[in-house]
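Novice: how would this look folded up:
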Amino acid sequence: MGSKLSRESTTNDAPVPEHIDFEDFDILRSIGKGSFGKVCIVKRKKTASEVYAMKYMSKSVCWKQNMIDHVLRELEILSKVEHPFLVNLWFTFQDDEDIFMVSDLLLGGDLRYHIQKGVQFTIDDVRIYVCELASVLEYLESKNIVHRDIKPDNILLDEKGHPHLTDFNIATVLTDQHPTSNHFAGTKPYAAPEVFKAGLREGEGYKYEVDWWSLGVTMYEVLRHKRPFEIDGDTSYTDAYNILKEGTISVQTDWPDSLKTMFFKFFKFNTSQRLCNVDKLYKLELFSSINQDEVLTNLQPKFIPSQTHLNYDPTYELEELIIESNPLHKKKQRILKRKKTKERKLQRMNSETASESNTAEDLEDQALIRISEQFQPFNRKWQALKSTSQSTEQDESSKLSSSESESDCINEVTISESKDSVQGNDET
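Specialist: So this is what the prediction gives:
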């Protein structure tokens, strides 16, 4: 007698979703901040070997800056992507004050930090950065994602010097219904001409090519510590568009022609002529010695970030401890205090009519409630277990179907042989 396969066996063993929240982590130190979020290093209490970067964003600040949709879209995008040269998302959760994103911890600092520190990157460094980040752009395009904000600030280095793209706050997902983006988004000095044209409500919109233009501007700045075009945050859309249309850039006389060619192709005004996919990239002389199949595993930049200290501005930690009005290390006390008044406030809001409950504080409370309801927690570890469990269940189900099919065939043969035997007896 063999073992019997059961369709119910795997569903009973399906992984149970693991609840993750702020209490699961020890806060080690603050290392950065963005427009509406701060970043700190955290250690997971359950397994001390797991160390991450945790970005936390104030719901109130996001609401006041009208950025809630952007934050929720970023979380949705990051929950669906994973790549060796992305800053990958592991967990998301929320409390009454903040939305939390727990991601890969990269201690090499961002390219902006190193540019400001005067690091002299080599052409070999830039060549490897372009290859590795191009693999990311190819992957994102396969997911219909346009990042729209590639710049030195959003490229983090790991301890071996490899670049990782981060910050999908203004990324967009193209669809059959909306195959292009039709408004300005990004950081002006790094934006492609068609992005400025979209800001002027002209043109046919833009697609994935804009990220390659931004990558070119970023790599030029990495090498020269200045940008190729005289555009800043105060430059109008019209002036910026005309500057880029003229397309004049200066290159160093000691640069090899292969490097100059790469930049000239990055900055092609016509998107059909622009360097904007890996097939075009590896046809360039600068990349002729690189094996495309080894990009994800075997390349090594010459510049390796310091291993003796964290590569970030130490004032972030001082701001968190001294200046920050709602410091993270005092969150527990604040949350407990808020919970004491929350139910009473909700009861009052529910008892009032819409016209009565229209103070600024009430409107904010209502918005924060909606944010909490729209938020979807994410746990990549559980998703992986769930995926493995489903795959195992499908395999076992397939084996069961195959076993049942073989059994049916045997029964048919047995029945057929029995009929033949009966017929033979009749003939005798």
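Novice: burial count for the residue nearest to residue 79 when sequence neighbours are not counted?
Specialist: Nearest residue to residue 79, sequence neighbours excluded (CB to CB, 6 or more residues apart in numbering): residue 378, at 4.6 Å. No exception for glycine: its C-beta is placed from N, CA and C like everyone else's. By other CB atoms under 10 Å, 20 other residues sit near residue 378.
Novice: and residue 237, by the same measure?
Specialist: Applying other CB under 10 Å, we find 18 residues neighbouring residue 237.
Novice: that one and residue 204, how far apart?
Specialist: Going from residue 237 to residue 204 by CB to CB, to the nearest Å gives 16 Å.
Novice: how about the strands of this protein, start to end?
Specialist: Secondary structure of the chain (DSSP state E): strands located at 25-33, 38-44, 51-58, 89-94, 98-103, 145-146, 155-157, 163-165, 172-173, 378-379.
Novice: and those, which is most packed in?
Specialist: Most buried of these by mean neighbour count (mean count of other CB atoms under 10 Å) is strand 155-157; its value is a mean of 26.
Novice: for that strand, packing partners?
Specialist: The contact analysis (3 or more CB pairs under 8 Å, 6 or more residues apart in numbering; DSSP states H and E) places strand 155-157 against helix 111-116, strand 163-165.
Novice: and the last one, how far out from the chain middle?
Specialist: With CA atoms, centre = their mean, to the nearest Å as the basis, strand 163-165 stands 10 Å off its chain's centre.
Novice: contacts made by it with the rest, please.
Specialist: Strand 163-165 is contacted from outside by 85-87, 104, 106, 111, 129, 132-133, 136, 147, 150, 154-158, using CB atoms under 8 Å, 6 or more residues apart in numbering.
Novice: coming back round to it: can you add distance to residue 244 and mean pLDDT and give the helices and strands packed on strand 155-157 back as TSV?
Specialist: Below are the helices and strands packed on strand 155-157 laid out as TSV (distance: least, CB to CB, whole Å; pLDDT from 0 to 100):
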stretch	distance to residue 244	mean pLDDT
helix 111-116	22	97
strand 163-165	23	99
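Novice: now for those, which one comes closest to residue 51?
Specialist: Closest to residue 51 of the helices and strands packed on strand 155-157 is strand 163-165 (CB to CB; 15.7 Å).
Novice: which stretches of this protein have low pLDDT?
Specialist: By pLDDT under 70, the weakly predicted segments of the chain are 1-17, 34-36, 315-358, 389-428.
Novice: ok, 50 please
Specialist: Within the chain, the set of residues satisfying pLDDT under 50 comprises 1-11, 323, 422, 425, 427-428.
Novice: what's the domain layout of it?
Specialist: 17-106+314-376, 111-294, 382-427 (automatic domain parsing).
Novice: adding distance to residue 305, write these out as TSV.
Specialist: Compiled in TSV, the domains of the chain are given as follows (distance: least, CB to CB, whole Å):
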stretch	distance to residue 305
domain 17-106+314-376	9
domain 111-294	5
domain 382-427	29
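Novice: so which of the ones you listed is the most surrounded?
Specialist: When the domains of the chain are scored by mean count of other CB under 10 Å, the highest mean neighbour count falls to domain 111-294 (a mean of 18).
Novice: chain center to that one, what's the gap?
Specialist: Its chain's C-alpha centre and that of domain 111-294 lie 17 Å apart, by CA atoms, centre = their mean.
Novice: first-to-last residue distance for that domain?
Specialist: 23 Å (CA to CA, to the nearest Å).
Novice: number the chain from 822, please
Specialist: I'll keep to 822 as the first residue from here, and by that count the last item is domain 932-1115.
Novice: which residue is the nearest non-sequential neighbour of residue 1113?
Specialist: residue 1103 (5.5 Å).
Novice: show me the contacts for the nearest residue to residue 947 once chain neighbours are set aside.
Specialist: Nearest residue to residue 947 in three dimensions, chain neighbours excluded: residue 1040, at 5.1 Å (CB to CB, 6+ apart). Applying CB under 8 Å, 6+ apart to residue 1040 gives the contacts 947, 950-951, 1084, 1087.
Novice: and if we set it to 7 Å?
Specialist: Shown in contact with residue 1040 (CB atoms under 7 Å, 6 or more residues apart in numbering): 947, 950-951.
Novice: give me every residue that touches the residue nearest to residue 900.
Specialist: By CB under 7 Å, 6+ apart, residue 1199 lies in contact with 896, 900, 910, 912-913.
Novice: out of the strands of the chain, which is closest to residue 941?
Specialist: Using CB to CB, those put strand 976-978 closest to residue 941, at 15.1 Å.
Novice: residues contacting that closest one, please?
Specialist: Strand 976-978 has contacts (CB under 7 Å, 6+ apart) with 908, 927, 929-932, 984-987, 1039, 1126.
Novice: ok, now with 10 Å
Specialist: 853, 874, 906-908, 924-935, 950, 953-954, 957, 983-988, 1036, 1039-1040, 1043, 1122, 1124-1126, 1132 (CB atoms under 10 Å, 6 or more residues apart in numbering).
Novice: okay, the strands of the chain in a markdown table with distance to residue 1003 next?
Specialist: Below are the strands of the chain laid out as a markdown table (distance: least, CB to CB, whole Å):
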| stretch | distance to residue 1003 |
| --- | --- |
| strand 846-854 | 31 |
| strand 859-865 | 32 |
| strand 872-879 | 27 |
| strand 910-915 | 28 |
| strand 919-924 | 28 |
| strand 966-967 | 12 |
| strand 976-978 | 27 |
| strand 984-986 | 24 |
| strand 993-994 | 10 |
| strand 1199-1200 | 29 |
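Novice: nearest to residue 1013, out of these?
Specialist: Across these, closest to residue 1013 is strand 966-967 (CB to CB), at 10.7 Å.
Novice: give me the contact list for that closest one.
Specialist: With contacts defined as CB under 10 Å, 6+ apart, strand 966-967 is touched by 898, 901-902, 958, 960-961, 989, 991-995, 1001-1002, 1006-1007, 1027-1032.
Novice: and the residue nearest the centre of the chain?
Specialist: Geometric centre of the chain, nearest residue: residue 899, 4.0 Å, by CA atoms, centre = their mean.
Novice: what pairs with the nearest residue to it once chain neighbours are set aside across the strands?
Specialist: Closest residue to residue 899 apart from its sequence neighbours, by CB to CB, 6+ apart: residue 910 at 3.9 Å. Note on residue 910: beta-bridge partners by DSSP bridges are residue 924.
Novice: look up how far residue 1011 lies from residue 1030.
Specialist: To residue 1011, residue 1030 is 14 Å away according to CB to CB.
Novice: with residue 1132 instead?
Specialist: Distance from residue 1132 to residue 1011, counting by CB to CB: 22 Å.
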